[in-house]
Structure formats: structure tokens, C-alpha cells
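**Student:** Here is a sequence together with a model predicted from it:
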Amino acid sequence: MSKQELAKRYLFFVAGLFVNSLGISLIIKAEMGTSPISSIPYTLSIGFAPSLGMFALFYSLLLICLQLVILRSRFPKEYWLQIPVSLGFSCFIDLTMGMLDFLNPQGYLWQLVSLLIGCVVLGVGVFMEMAANVVMLPGECTVQAISSTLHTDFGKSKVAVDMTMALVAAVLGLVMYQELAGVREGTFISALLVGFLARTFQRLIGPQVQAIF
């Protein structure tokens with residue numbers, strides 16, 4: 001891979017991170033929960049001072065530590081790139097949440113519209129990260145670490161990890177706020193839609209994007 005191609009892929013990946021964060025922010029603005037991967041940071045951010053982006057950064061670093069425990073000497077050197085990626089992603093989340101500060105959908109219908117638009121945008125962001133094929137976010141790297149260690153299917157492992165994260169977020173919400181603060185129907189809708197949409201974009205425009213690289 002030439003330096004020029006690598007530079008293009010990293011630029012595309014960074015753009016994908018921004019789109020990803022925008023999708024998450026749109027889903028959160030719908031106030032119907034959020035995606036499983038961001039459910040724990042979002043739940044914590046509801047009742048505590050640090051921003052959602054900061055909680056996302058702390059959570060990402062925790063996942064990287066978990067990968068180190070799981071993989072030990074098998075921890076790939078390129079996985080250290082998750083640290084600057086996580087920092088950038090957390091900044092993008094706070095940026096997009098600020099950009100959407102005006103958005104306050106009223107009524108269930110408009111909340112659902114915001115949620116579905118957010119799922120589409122998040123699906124585009126996930127596709128862009130997949131297409132760049134340079135580094136993964138800590139959530140995906142954690143799933144990969146578990147899958148490779150236990151010799152399980154990546155897709156099934158991701159479903160299990162997403163369900164675990166949503167469950168932990170639900171318990172945190174019940175304990176801290178006496179309600180399902182960060183996990184609602186939007187969490188499960190996004191879990192079902194985002195992966196499907198990302199794969200659809202990959203099938204429809206993936207070859208054209210790779211041709212650009």
C-alpha cells in the first residue's frame with residue numbers, strides 16, 4: 001500500500017469517525033436511548049459532570065485495558081492506534097452534540113424520525129470506517145479480541161457484547177436514576193438497523209469507494 005493510498009484511507013477514516021459521532025448524537029437527541037456501544041457512557045453522562053465525549057473516552061480506554069488482559073502478548077501493535085482514535089472520536093461526539101443543541105424533537109413521531117435518521121447516518125459512518133480498513137474503534141477491537149481468543153464467530157460475538165453493554169447500561173440507569181435512562185427501544189432499533197445499513201452501503205457503493213483509494 002502506497003503512502004498516498006494510506007493517507008487517503010486515514011482521511012476517509014477520520015471523516016467516518018465524524019459521521020459516526022453525528023449519527024450517535026442524532027440518536028441521542030431522539031431521547032429513545034442510544035446505540036449499545038455508547039449506552040454506558042451516555043447513561044453515566046446523564047447524571048454526572050463530564051461530557052458524553054469524555055465518558056466515551058474513559059470507556060474506550062477501559063476497553064483497551066480489557067483487550068490487554070484478554071490478548072496479553074498477542075496484543076497487536078497497531079491496536080495502540082485506538083488511543084488517538086478514541087481521543088478524536090470523543091472530541092467529535094462533543095462537537096456534534098453541540099452542533100445539534102438546537103434539535104429537540106417533540107412527540108413520539110418526530111423522536112422516531114430523528115432516531116431513524118441517526119441510524120442511517122451512523123450506518124454510513126460505520127461503512128466508511130470499514131471501507132477505510134486502517135484501524136477499528138475500541139468496541140470492535142474488543143469484539144475481535146474476544147472472538148479470536150474464544151474462537152467464536154465475530155458477528156455472534158458482537159451481538160453478545162452489544163447485549164452485555166446494553167444490559168450493564170440498563171442496570172446503571174436503574175441503580176442511579178431508578179429508570180431505564182440510557183436504554184430504550186431506540187437502543188434495540190439501532191442495534192438491528194445500523195449493521196444492516198452498513199452492509200447495504202458496502203454492497204452498493206463499496207467497490208466505487210475502494211476504486212477511489
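**Tutor:** Noted; the coordinates are in hand.

**Student:** Give the next helix or strand downstream of the helix or strand Gln111 falls within.
**Tutor:** Using DSSP states H and E, Gln111 sits within helix 108-132. Downstream of helix 108-132, the next assigned helix or strand under DSSP H and E is helix 138-150.

**Student:** what inclination does that next one have with respect to helix 108-132?
**Tutor:** If you take axes from the mean of the first three to the mean of the last three CA atoms, to 10 degrees, helix 138-150 sits at 60 degrees to helix 108-132.

**Student:** could you dump the helix or strand that comes right after helix 138-150 to CSV, C-alpha only?
**Tutor:** Past helix 138-150, further along toward the C-terminus, the next helix or strand under DSSP H and E is helix 154-177. Output of helix 154-177 as CSV, limited to C-alpha atoms (Å, rounded to 0.1, in the frame of the first residue of the first chain):
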residue,chain,number,x,y,z
PHE,A,154,-17.2,-12.3,15.1
GLY,A,155,-20.9,-11.5,14.3
LYS,A,156,-22.2,-13.6,17.1
SER,A,157,-19.6,-12.2,19.5
LYS,A,158,-20.6,-8.7,18.6
VAL,A,159,-24.2,-9.4,19.3
ALA,A,160,-23.3,-10.9,22.7
VAL,A,161,-21.0,-7.9,23.5
ASP,A,162,-23.7,-5.4,22.5
MET,A,163,-26.3,-7.1,24.6
THR,A,164,-24.0,-7.1,27.6
MET,A,165,-23.3,-3.4,27.2
ALA,A,166,-27.0,-2.6,26.9
LEU,A,167,-27.7,-4.7,30.0
VAL,A,168,-25.0,-3.0,32.0
ALA,A,169,-26.3,0.4,31.0
ALA,A,170,-29.8,-0.6,31.9
VAL,A,171,-28.7,-1.7,35.4
LEU,A,172,-26.7,1.5,35.9
GLY,A,173,-29.8,3.5,34.9
LEU,A,174,-32.0,1.6,37.4
VAL,A,175,-29.5,2.0,40.2
MET,A,176,-28.6,5.6,39.7
TYR,A,177,-31.8,7.1,38.3
